[in-house]
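Engineer: After the sequence you'll find the predicted model.
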Amino acid sequence: MHRFLAGCLAVSALVFAHSAHASECGYTSAGWNAPNGAVVFDRGEGPIRNVMDAIGEYRTHSMLSHGSIGAASHATMADPDQNSWPTVCGTPLNVNQLQNGYPGLEQVNQGGIYHYMYDPDGSGPEWTAWQLGDAMGAAQVADALWFNHPYVSDVSHVDSGQYIDRPLWNGARVPYSLFQYRDLQTVNQMPGSATNNGMVCSTFLAYAHNYAGRGLVSAYTYPHDRIANASNSLYTGVYNHCKASLGWFENAALTVICPVFWNVCGNAGNQVANCMAAGRCDTSSSSIWKGVRDNSSTTATSISPDRIGGWGVHPISSTLWASDYSHQLQWNSGGNVYGCWQ
């Protein structure tokens, strides 16, 4: 779902939707072996993995393949900047960047998607695979998004010579929105809407499935005990990354410049947990996410990568991809291609 909180600065270990240290631009073989319309899954490090583990699911990110030498469409999030002093002490993370994750929904080439997933040394997610299922229907999804969907193009933040396409929804760009993990709202419906006009990787695929005329992907409601576990795990994951001086907090002296009564890492964990639990990315008050956690009537309704793939409690009828098994992902086409993912 990522770089969220994986996956994606060089990218830090506190990636939301993805791998911890991927570079933004680079070369790779000309293409992967995922056919047009296949969904590519992986399991990477980061706070999203903490959330997925807490609800008993495995996959942390999902992407739509546009063919063996084509692009990939996905929604992801790079790490927000930390605020400057003294704001950083009470509200450690840039509020706008946390609430409206960049790059959000995008289409990148093989060089870009490879370097989203892997470091220059080849390290990356612990598991990758693709599923195709209904090959004709899957190709219809990919082609509808590629040929028919409105988009804008702008230059990479890293390399001004590279352009990245950004599909539009409701006439606007689509940021990565952590609140989608709590409530996808009507992203899976047509025309659909959501807070901040946002999506995450798997709710985007549900949208694409319906946009192409392949039917509604129904949401799944997680019971209270699961979201309580997820809330605790998300907070702890962010806190631990911070304390290890990774990610946004590479300079451990940060805890020195703030008064002793400021728990900077705890505030970062609260801010991210608030953002996911209640869409409140602007505060580090723990009462918001703990209020959701401690209210026995609260649930979460969303669509995860495991549901897109029909795994665990999710039926193989959930999507046109879900009837397939997992195929090993490889980059094995001749030649090479350069690209950027942000």
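Structural biologist: Sure, I can see it. Residues are numbered from 1 along each chain as shown.

Engineer: Run through the residues that contact the residue nearest to residue 169 when sequence neighbours are not counted.
Structural biologist: Closest residue in space to residue 169, ignoring its immediate chain neighbours: residue 197 at 6.1 Å, by CB to CB, 6 or more residues apart in numbering. No exception for glycine: its C-beta is placed from N, CA and C like everyone else's. For residue 197, the contacting residues are 169-170, 172-175, by CB atoms under 8 Å, 6 or more residues apart in numbering.

Engineer: Looking at those residues, which is nearest residue 85?
Structural biologist: residue 175 (26.6 Å; CB to CB).

Engineer: Wait, the closest one touches residue 97, no?
Structural biologist: No. Counting by CB atoms under 8 Å, residue 97 is not a contact partner of residue 175; they are 9.4 Å apart.

Engineer: Could you pull out the buried residues of stretch 80-96?
Structural biologist: In terms of neighbour count (16 or more other CB atoms under 10 Å), stretch 80-96 has its buried residues at 80, 82-83, 88-95.

Engineer: okay if I get the residues you listed as TSV plus secondary structure and pLDDT?
Structural biologist: Listed next are the buried residues of stretch 80-96 as TSV, based on DSSP: H, G, I helix; E, B strand; the rest coil; pLDDT from 0 to 100:
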residue	secondary structure	pLDDT
80	coil	91
82	strand	87
83	coil	89
88	helix	87
89	helix	88
90	helix	91
91	coil	93
92	coil	91
93	strand	93
94	coil	95
95	helix	97
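
Engineer: Distance to residue 290 for the residues you listed - can I get that in TSV?
Structural biologist: Shown next, in TSV, are the buried residues of stretch 80-96 (distance: CB to CB, whole Å):
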residue	distance to residue 290
80	22
82	23
83	23
88	22
89	21
90	17
91	17
92	18
93	18
94	23
95	20
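
Engineer: Of those, which is the nearest to residue 116?
Structural biologist: residue 80 (17.3 Å).

Engineer: Could you verify my assumption that the closest one touches residue 91?
Structural biologist: No. Under the criterion of CB under 8 Å, residue 80 makes no contact with residue 91, lying 11.1 Å away.

Engineer: Let me see the contact set for the closest residue to residue 286 other than its chain neighbours.
Structural biologist: Excluding its sequence neighbours, the residue lying closest to residue 286 (CB to CB, 6+ apart) is residue 270, at 4.6 Å. Going by CB under 8 Å, 6+ apart, residue 270 touches 235, 283-286, 288-289.

Engineer: Let's see which of the residues you listed end up in helices.
Structural biologist: Of the contacts of residue 270, the ones assigned to helices by DSSP state H are 235, 286, 288-289.

Engineer: Quick check: the two most widely separated of those residues?
Structural biologist: The most widely separated members of the ones in helices among the contacts of residue 270, counting by CB to CB, are 235 and 288 (11.5 Å).

Engineer: Which one's more surrounded, those two?
Structural biologist: Applying other CB atoms under 10 Å to residue 235 and residue 288 shows that residue 235 carries more neighbours, namely 26 against 19.

Engineer: for the more buried one, what are its contacts?
Structural biologist: Per CB under 8 Å, 6+ apart, neighbours of residue 235: 269-270, 272-273, 289.

Engineer: just checking, residue 82 touches residue 93?
Structural biologist: Yes. With contacts counted by CB under 8 Å, residue 82 reaches residue 93, the gap being 6.2 Å.

Engineer: quick one: which of the contacts of residue 235 is nearest residue 124?
Structural biologist: Among these, and counting by CB to CB, the member closest to residue 124 is residue 272, at 23.1 Å.

Engineer: Which positions within the helix or strand that contains residue 225 qualify as buried?
Structural biologist: Per DSSP states H and E, residue 225 falls inside helix 224-243. For helix 224-243, the neighbour count (16+ other CB under 10 Å) marks 224, 226-235, 237-243 as buried.
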